[in-house]
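> 3D model of this:
(one chain, ligands or ions: 1)
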Amino acid sequence: TSGNLNLLITGGAGFIGSHVVRLFVEKYPDYNIYNLDSLTYAGNLENLKDIENEENYKFLKADINDAEVINSLFKKYRFQRVIHLAAESHVDRSISDPVAFVKTNILGTVNLLNAAKDIWRGEPEGKLFYHISTDEVYGSLGDKGLFTEKSPYDPNSPYSASKAGSDHFVRAYGETYDLPYVISNCSNNYGPNQFPEKLIPLFINNLINEKPLPVYGDGKYTRDWLYVKDHAAAIDLIFHEGKGMETYNIGGFNEWQNIDLVRLLCGIMDKKLNRSKDESEKLISFVKNRPGHDKRYAIDASKINTELNWKPSVTLNEGLGKTVDWYLQNEEWLKHVVSGEYLSYYKKQYV
Ligand code: NAD
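So this is what the prediction gives:
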């Protein structure tokens with residue numbers, strides 16, 4: 001690899017990380033981009049097949065829970081900036097195994113912070129620890145109001161509690177050790193490469209296979225949805241132009257009740273699969289609510305909108321159309337993920 005800036009991206013084999021890695025590898029040929037990922041069930045290098053041989057890209061298989069390995073990688077590659085996405089990310093899994101979330105999301109983040117602090121000590125210029133987080137740290141909203149960067153933290157699930165903990169540690173390292181950082185908290189993402197345990201790809205997969213669509217509770221739960229490439233573009237902007245030691249909220253100005261979102265998706269699938277109108281909706285099946293389920297999230301993204309001039313490029317209807325097209329055109333990817341076959345991709349390419 002050649003060039004100046006050594007950039008570490010963690011979790012780059014995952015859903016959002018793969019879009020961030022591709023964007024940076026293609027847009028910044030002068031950066032040396034290191035994708036560090038332990039390849040859990042959620043990490044899939046097939047997501048990055050098209051760029052894996054680029055000169056400015058290198059994959060590092062490592063676990064952020066292993067402090068010794070992380071320290072030695074920081075010494076070896078002299079990372080100057082970090083975009084930290086590696087995490088356990090699925091709320092339902094956090095309910096059955098909260099400890100895994102404490103380990104990776106809190107301890108793993110602290111291991112990265114320590115390594116960065118030690119190697120950047122006394123030389124903060126040009127350094128940045130960019131921590132990627134979620135709007136779920138703010139808890140649940142009533143029918144009105146929006147989360148701003150000043151909203152108090154009030155997490156309700158083990159997942160959001162672990163992300164809140166990691167956000168606090170990043171800020172604390174900034175205050176205590178002058179570690180240059182920035183944090184962004186984003187709403188629900190959807191798009192290509194998302195593991196089919198999350199709502200949209202799960203439902204697309206079930207619709208393809210004519211399986212039931214399990215909707216939690218009364219379906220009136222409200223989320224703000226953002227197309228993943230719009231999130232990656234916001235990350236690029238914050239990375240380069242965001243003010244240090246600050247937080248940015250990222251959202252789509254795009255609130256949907258789950259049931260309306262599912263109906264929209266069903267309509268799109270009916271058309272794409274040439275099914276008769278309303279055929280997909282018959283698959284909707286209401287299931288017992290998730291415990292601790294937050295009623296409503298909605299983001300006030302006016303800070304990034306006014307300070308950095310960012311706004312989403314697509315509506316939910318457009319983004320969902322692109323997403324459905326991608327899953328239909330990449331049935332092999334979907335089959336590999338559902339069957340677990342993607343897990344052997346790393347061995348074939350790298351070992
Ligand atoms: P994901 O589960 O698809 O990917 C996570 C990646 O991290 C995987 O590649 C996995 O192998 C890797 N990883 C997990 N544990 C690791 C460890 N101990 N060491 C090294 N790598 C490890 O997640 P995602 O949806 O792409 O989310 C990425 C980040 O964005 C997370 O921090 C998440 O909290 C945040 N976020 C996600 C959303 C969303 O809607 N998906 C919204 C806002 C913020």
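> residues from the stretch 51-200 of the chain in reach of the ligand?
Remark: the part of the stretch 51-200 of the chain in contact with the ligand comprises 63-65, 85-89, 104, 108, 132-134, 163, 186, 188-189, 195, using C-beta under 6 Å from any ligand atom. Glycine gets a C-beta too; all of them are placed from N, C-alpha and C.
> Can you list which of those residues are found in strands?
With DSSP state E as the criterion, strands contain Ile132, Ser133, Thr134, Cys186, Asn188, Asn189 from among these.
> May I see the ChimeraX selection of the buried members of the residues of the stretch 51-200 of the chain next to the ligand?
In ChimeraX, a selection of the buried entries from those looks like this (16 or more other C-beta atoms under 10 Å):
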select :63,64,85,86,87,88,89,104,108,132,133,134,163,186,188,189,195
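> Now do the contacts for Thr10.
Applying C-beta atoms under 8 Å, 6 or more residues apart in numbering, we find Thr10 in contact with Gly17, Leu36, Asp37, Ile64, Val82, Ile83, His84, Leu85, Ala86, Leu112.
> and the residue lying closest to it once chain neighbours are set aside, what does it touch?
Using C-beta to C-beta, 6 or more residues apart in numbering and skipping residues adjacent in sequence, the residue nearest Thr10 is Ala86, 3.8 Å away. Residues in contact with Ala86 (C-beta under 8 Å, 6+ apart) are Thr10, Gly11, Gly14, Gly17, Leu36, Asp37, Ser38, Ile64, Thr104, Gly108.
> Ala86 and Ala172, how far apart?
In this view, Ala86 and Ala172 are 19 Å apart by C-beta to C-beta, to the nearest Å.
> helices or strands next to the helix or strand where Ile33 lies in the packing?
Applying DSSP states H and E as the criterion places Ile33 in strand 32-37. Applying 3 or more C-beta pairs under 8 Å, 6 or more residues apart in numbering; DSSP states H and E, one finds that strand 32-37 makes contact with strand 6-10, helix 15-27, strand 57-61, helix 67-77.
> May I see the buried residues of the second one?
Judged by neighbour count using 16+ other C-beta under 10 Å, the buried positions of helix 15-27 are Phe15, Ile16, Gly17, Ser18, His19, Val20, Val21, Arg22, Phe24, Val25.
> ditto for stretch 95-107
Buried residues in stretch 95-107 (16+ other C-beta under 10 Å): Pro98, Ala100, Phe101, Val102, Lys103, Thr104, Asn105, Ile106, Leu107.
> now for it, what's the gap between its first and last residues?
In stretch 95-107, first residue to last residue: 18 Å (C-alpha to C-alpha, to the nearest Å).
> and it, how far out from the chain's middle?
16 Å (C-alpha atoms, centre = their mean, to the nearest Å).
> what mean pLDDT does it have?
For stretch 95-107, the mean per-residue pLDDT is 97.
> isn't there a strand covering Tyr248?
Yes: assessed by DSSP: H, G, I helix; E, B strand; the rest coil, Tyr248 belongs to a strand.
> coming back round to it: among the helices and strands packed on strand 32-37, which comes closest to Ile204?
helix 15-27 (13.9 Å; C-beta to C-beta).
> ok, stretch 302-319 near the ligand or not?
No: for stretch 302-319, no contact with the ligand is found by C-beta under 6 Å from any ligand atom; the gap never falls below 12.9 Å.
> where along the stretch 101-250 of the chain do the helices fall?
Here the stretch 101-250 of the chain has its helices, by DSSP state H, counting those that start in this stretch, at 109-120, 158-177, 199-208, 228-241.
> scratch that, the stretch 251-351 of the chain
According to DSSP H, counting those that start in this stretch, the helices that the stretch 251-351 of the chain contains are 258-272, 302-308, 316-329, 331-339, 345-350.
> From the ligand, how far off is Ile51?
15 Å (C-beta to the nearest ligand atom, to the nearest Å).
> mind listing what that residue touches?
Counting by C-beta under 8 Å, 6+ apart, Ile51 touches Val21, Arg22, Val25, Glu26, Tyr57.
> now Lys243
Contact analysis of Lys243 by C-beta under 8 Å, 6+ apart lists Val182, Glu307.
> for the one 4 residues further on, same thing?
With C-beta under 8 Å, 6+ apart as the criterion, the residues that contact Thr247 are Glu149, Asp167, Val182, Ile183, Ser184, Asn185.
> excluding its backbone neighbours, what's nearest the closest residue to the ligand within the chain?
Nearest residue of the chain to the ligand (C-beta to the nearest ligand atom) works out as Gly14 at 2.0 Å. Leaving aside its chain neighbours, Gly14 sits nearest to Ala42 (5.2 Å; criterion: C-beta to C-beta, 6+ apart).
> how many other residues sit next to the residue lying closest to Ala161 once chain neighbours are set aside?
Spatial nearest neighbour of Ala161, chain neighbours left out: Pro155 (4.3 Å); criterion: C-beta to C-beta, 6+ apart. Around Pro155 there are 21 other residues, counting by other C-beta atoms under 10 Å.
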